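**Q** All I have is the shape, not the residue letters:
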């Protein structure tokens, strides 16, 4: 009699254990790991100063690394175009820098800095000849909207960590907040980094 009771008890215990294990496995499988800011930043290129021709940032917390486009007049657009501009009056002050990114989904950006002769912090202001940026954000109907800096005195900055005007290498970090003039849509760019050498 005791043997039967023990057997029944063992079977019930085994079933309970199996049920608990299945529930634990199911709940584990249905849970997605929450990505931390460090996880997101790890998806960006490292901060370098070697002329590696890299660019990346978080746009509203989402990693953005340009991957090139196919809609250029000359055919395929590389992911990043820019660096030090030619030193003539049409391109602004001597040693001005322009960074243009291209992506297959139409999410593109442009950063311009005037006269980058030394490392340091360069403010980004809308409608300024000293430094500004644009971000083209694709919409559901595939019509890009132009997002620009707010009209405040300063809405962002670029920290140039390397300004080698001889070897034409410029590198640094950036962050800014941009607002579309008509719609009021605002985006935040954080943890930006670039490392460019003129081709």
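**A** Perfect, thanks for sending it. Keep in mind that what you see is a predicted model, and the values were worked out from it rather than measured.
**Q** Work out for me the element residue 100 sits within.
**A** Here residue 100 sits within strand 97-101, counting by DSSP states H and E.
**Q** what mean pLDDT would you report for that strand?
**A** Regarding strand 97-101, the rounded mean pLDDT is 94.
**Q** What strands flank that strand, and is each parallel or antiparallel?
**A** Taking DSSP bridges as the criterion, strand 97-101 forms sheet pairs with strand 80-84 (antiparallel), strand 108-113 (antiparallel).
**Q** Just the buried residues of the shortest one, please?
**A** Using 16 or more other C-beta atoms under 10 Å as the burial criterion, the residues of strand 80-84 that qualify are 80-84. The way it works is simple: take the backbone N, C-alpha and C, and place the C-beta from them, glycine included.
**Q** just the last one next, same as before
**A** Under the neighbour-count criterion of 16+ other C-beta under 10 Å, strand 108-113 has 108-109, 111-113 buried.
**Q** can you tell me which residue is nearest the centre of this structure?
**A** residue 57 (2.3 Å; C-alpha atoms, centre = their mean).
**Q** Next, that one: secondary structure please.
**A** The assignment at residue 57 comes out as strand when based on DSSP: H, G, I helix; E, B strand; the rest coil.
**Q** for residue 40, same thing?
**A** At residue 40, secondary structure determined by three-state DSSP is helix.
**Q** Check the one 10 residues further on too.
**A** Classification of residue 50 by three-state DSSP places it in coil.
**Q** nearest residue to it other than its sequence neighbours?
**A** Distances taken as C-beta to C-beta, 6 or more residues apart in numbering place residue 195 nearest to residue 50, at 6.5 Å, with adjacent residues excluded.
**Q** For stretch 39-51, which outside residues touch it?
**A** 52, 54-58, 61-63, 65, 161-162, 167-169, 171, 173, 191, 193, 195-197 (C-beta atoms under 8 Å, 6 or more residues apart in numbering).
**Q** before we move on, what about stretch 105-114?
**A** 59, 64, 66, 69, 92-93, 96-102, 122, 124, 129-138, 142, 144, 158, 160, 174, 194.
**Q** Which ones among the residues you listed lie within strands?
**A** 59, 64, 69, 97-101, 122, 124, 131-137, 158, 160, 174, 194 (DSSP state E).
**Q** That's all I had, so thanks and see you.
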